[in-house]
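Engineer: The amino acid sequence is not available; the structure is as follows:
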């Protein structure tokens, strides 16, 4: 049976020797073995939110949301959200 995994999100920098340096200490008592997943931009420029939304909107995995039975909300549902900061 595989142990339950917890996740921590943090940031860091990869140096010229491909070594990862974290920006802050981890909230983990060590020594401990961990699994690491590194996310980095796919190209020279970073994607903004509109790129992600456009990609998701064109992904056939979400085609089921176009079915009439999935259209369960109307403009009359809920209350308007006014974010005044």
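Structural biologist: Happy to help now that I have it. Not measured: the values here are computed from a predicted model.
Engineer: what stretches of the protein score poorly on pLDDT?
Structural biologist: Across the chain, the ranges flagged by pLDDT under 70 are 1, 44-47, 85.
Engineer: where do the strands sit along it?
Structural biologist: For the chain, the strands defined by DSSP state E occupy 12-14, 20-22.
Engineer: possible to save those strands as JSON lines with mean neighbour count?
Structural biologist: Bear in mind the C-beta positions are built from the backbone N, C-alpha and C, glycine included. JSON lines is the format used below for the strands of the chain (neighbours: other C-beta atoms under 10 Å):
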{"stretch": "strand 12-14", "mean neighbour count": "11"}
{"stretch": "strand 20-22", "mean neighbour count": "10"}
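Engineer: What separation do you get for residue 74 and residue 68?
Structural biologist: Going from residue 74 to residue 68 by C-beta to C-beta, to the nearest Å gives 13 Å.
Engineer: shared neighbours of those two, which are they?
Structural biologist: Common neighbours of residue 74 and residue 68 are not found (criterion: C-beta atoms under 8 Å, 6 or more residues apart in numbering).
Engineer: re the thing from before, go through the strands of the chain and name the closest to residue 43.
Structural biologist: Checking the strands of the chain against residue 43 by C-beta to C-beta gives strand 12-14 as the closest, at 16.2 Å.
Engineer: Tell me which strands that closest one pairs with, and in which orientation.
Structural biologist: strand 20-22 (antiparallel) (DSSP bridges).
Engineer: Spell out the residue ranges of the helices in the protein.
Structural biologist: Ranges of helices in the chain, per DSSP state H, are 49-57.
Engineer: pretty sure residue 14 is in contact with residue 36, am I right?
Structural biologist: No: contact between residue 14 and residue 36 fails when scored by C-beta atoms under 8 Å: they sit 11.6 Å apart.
Engineer: Would you mind listing the residues touching both of those two?
Structural biologist: The contact lists of residue 14 and residue 36 share residue 20, where a contact means C-beta under 8 Å, 6+ apart.
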